[in-house]
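>>> Got a sequence here, can you model it:
(one chain, ligands or ions: 1)
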Amino acid sequence: MTVIITAGAIVMGTTACKNNEQKEVVESPVSGIRKSSWGQADGQPVDLYTLTNSKGTIVKITNYGGIITSFVTRDKNDSASSIVIGFDSIAQYLQSPPYFGAIIGRYGNRIGGGKFSIGDQSYTLARNNGENHLHGGVKGFDKVIWTAGPVVDSIAALSLSYLSKDGEEGYPGNLQVTVKYTLTDNDELKIEYDATTDKPTPVNLTNHSYFNLTGDVQSTILDHQLQIDANGYTPVDSGLIPTGEIRAVAGTPFDFTSSHTIGSRIDSVEGGYDHNWVLNSKGASMQKVATLNDPVSGRYVEVFTTEPGLQFYSGNFLDGKFINHTGTAVKLRTALCLETQHFPDSPNKKDFPSTILEPGQKYHSETIYKVGRNRETGKQGNSE
Ligand code: BGC
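All right, here's what the predicted structure looks like:
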């Protein structure tokens, strides 16, 4: 069966595939955005926005948690499938999956002991990860409803805003946040984060997309190849809180300065990779900091950012509890995250770059995930 959905200038069709799943393909791609109702969360309506570019790449985002639910690209054989974990309905997102595709805030990753001080004032945050605070707390930015800005049918961009009130999850200050997603015709998904505050507060925003470039979580990400432009990383204690040391990656399984297959050394890292890499770019300007490559599908993703750190998480806690939109359980190491960020626990580590936003300052951060494919198996990093 072929269903044609027409909305504005976008013409899309769906084709049945092996497990009866309806896979979306774009037959006459034209850049733009389409909005559709997507049920309710917290008693309020939520929407799903479909961004399409002229190459037929499709990104779907809901204003619940600013979640990227799907990122459909073509592989070397022109087969289209989503390279991120996601669900087709809001219901599954309300069951607290581990941050699949969501905006993370106010603070990406952990704050040790769930506390920090600014000057003489100490603050206690929600402790939602043992004794630590993780990804903004019990109800972080991944679980709130964002207000979408006006959309222009012909522009594949979505602006989401949220006011995080003084005291939310224990954080000081009213924080006004905007996150803008843009899908360019150059196959870049650009994410721009902006924020202002009326009291000094830590801010560290990121996106928590889980990638599997095969488009199929039946296979793990252990055969993906990763390169990270970082000579150092931040070692952690048993609660995954950085010790404060910045350690050289040279001669360790953390050395991804040249491309390595993820599975080749993962067993020598206790628990697998779940660490912050100290990028050589230092967050000084927008630079390419990592490339993830899947030799089987030919797909690759290049990561560009203005942030000084990158959390590479190899999906060590994925346990099969959630079913991806392909109908497959998301099991151990079937997806990985590349979260651009400041370093974990910075509010308690005086030698790490500061994450404190002051009134009058403007927080601004940008990250791009640029997708591409190689027609030749095993080759990486050159766009068509
Ligand atoms: C963290 C992991 C955590 C995962 C899901 C990642 O960003 O580094 O430790 O388990 O998010 O919560």
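
>>> Only C-alpha atoms from now on, for both contacts and neighbour counts.
Will do.

>>> Tell me, how many residues neighbour whichever residue of the stretch 101-250 of the chain sits closest to the ligand?
Here the residue of the stretch 101-250 of the chain nearest the ligand is residue 109; by C-alpha to the nearest ligand atom that distance is 5.5 Å. Using other C-alpha atoms under 10 Å, residue 109 has 28 neighbouring residues.

>>> Distance of residue 264 relative to residue 351?
32 Å (C-alpha to C-alpha, to the nearest Å).

>>> who's in contact with the residue of the stretch 51-200 of the chain found nearest the ligand?
Taking C-alpha to the nearest ligand atom, the ligand has its nearest neighbour within the stretch 51-200 of the chain at residue 98, 4.9 Å off. Going by C-alpha atoms under 8 Å, 6 or more residues apart in numbering, residue 98 touches no other residue.

>>> Residue 218 too?
328, 329, 334 are the contacts of residue 218 under C-alpha under 8 Å, 6+ apart.

>>> Pairing partners for residue 323 in the sheet, please.
residue 329 (DSSP bridges).

>>> thought it was touching residue 329?
Yes: taking C-alpha atoms under 8 Å as the definition, residue 323 is a contact partner of residue 329 at 4.2 Å.

>>> Assign a three-state SS to the nearest residue to residue 131 once chain neighbours are set aside, would you?
Spatial nearest neighbour of residue 131, excluding adjacent residues (C-alpha to C-alpha, 6 or more residues apart in numbering): residue 113 at 5.3 Å. Here residue 113 is recorded as helix under DSSP: H, G, I helix; E, B strand; the rest coil.

>>> Buried residues of stretch 41-58, list them for me.
41, 46-58 (16 or more other C-alpha atoms under 10 Å).

>>> Next step: the residues you listed restricted to strands.
The strands, defined by DSSP state E, take in 41, 46, 47, 48, 49, 50, 51, 52, 58 from these.

>>> so who does the residue nearest to residue 131 touch?
127, 131, 132, 133 are the contacts of residue 113 under C-alpha under 8 Å, 6+ apart.

>>> swap in residue 64?
41, 46, 47, 142, 143, 144, 145, 146.

>>> For it, name its beta-bridge partners.
residue 145.

>>> same check, this time on residue 233
residue 247, residue 277.

>>> Quick one: neighbours of it, just the number.
23.

>>> Just confirm residue 29 contacts residue 51, I think it does.
No: using C-alpha under 8 Å, residue 29 makes no contact with residue 51, being 10.7 Å away.

>>> Show me the helices in this structure, by range?
Per DSSP state H, the chain carries helices over the ranges 90-93.

>>> hang on, residue 253 packs against residue 266?
Yes: counting by C-alpha under 8 Å, residue 266 is a contact partner of residue 253 at 7.2 Å.

>>> what sits opposite the closest residue to residue 274 other than its chain neighbours in the beta ladder?
Residue nearest to residue 274 in three dimensions, not counting chain neighbours: residue 313, with 4.2 Å by C-alpha to C-alpha, 6+ apart. Listed by DSSP bridges, the beta-bridge partners for residue 313 are residue 274, residue 337.

>>> Please name the residues that touch residue 313.
273, 274, 275, 336, 337, 338.

>>> hmm, back to that, out of the ones in strands among the buried residues of stretch 41-58, what pair is the most spread apart?
Pairwise distances across these peak at 25.2 Å for 41 and 52 (criterion: C-alpha to C-alpha).

>>> And the pLDDT at the closest residue to the ligand within the stretch 201-350 of the chain?
The ligand sits closest to residue 274 of the stretch 201-350 of the chain, with a gap of 5.2 Å, by C-alpha to the nearest ligand atom. Confidence at residue 274, expressed as pLDDT, is 98.

>>> Report the buried members of the contacts of residue 113.
Counted by 16+ other C-alpha under 10 Å, the contacts of residue 113 give 127, 132, 133 as buried.

>>> Which members of these are positioned in strands?
residue 133.

>>> among the buried ones among the contacts of residue 113, which are in reach of the ligand?
Residues of these in contact with the ligand (C-alpha under 6 Å from any ligand atom): none.

>>> got the contact list for stretch 182-199?
Counting by C-alpha under 8 Å, 6+ apart, 31, 51-55, 57, 59, 156-158, 172-181, 205, 357-372 sit against stretch 182-199.

>>> which residues pair with residue 363 across the strands?
residue 195.

>>> Could you number the chain from 555 rather than 1 from now on?
Sure, I'll start counting at 555 from here, so that last one is residue 917.

>>> Surely it is in contact with residue 909?
No: contact criterion C-alpha under 8 Å: residue 917 and residue 909 do not qualify, at 9.5 Å.

>>> and the stretch 655-804 of the chain, which of its residues are near the ligand?
residue 663.

>>> How about residue 819, nearest residue that isn't a chain neighbour?
Here the residue nearest residue 819, using C-alpha to C-alpha, 6+ apart, is residue 807, at 5.6 Å.
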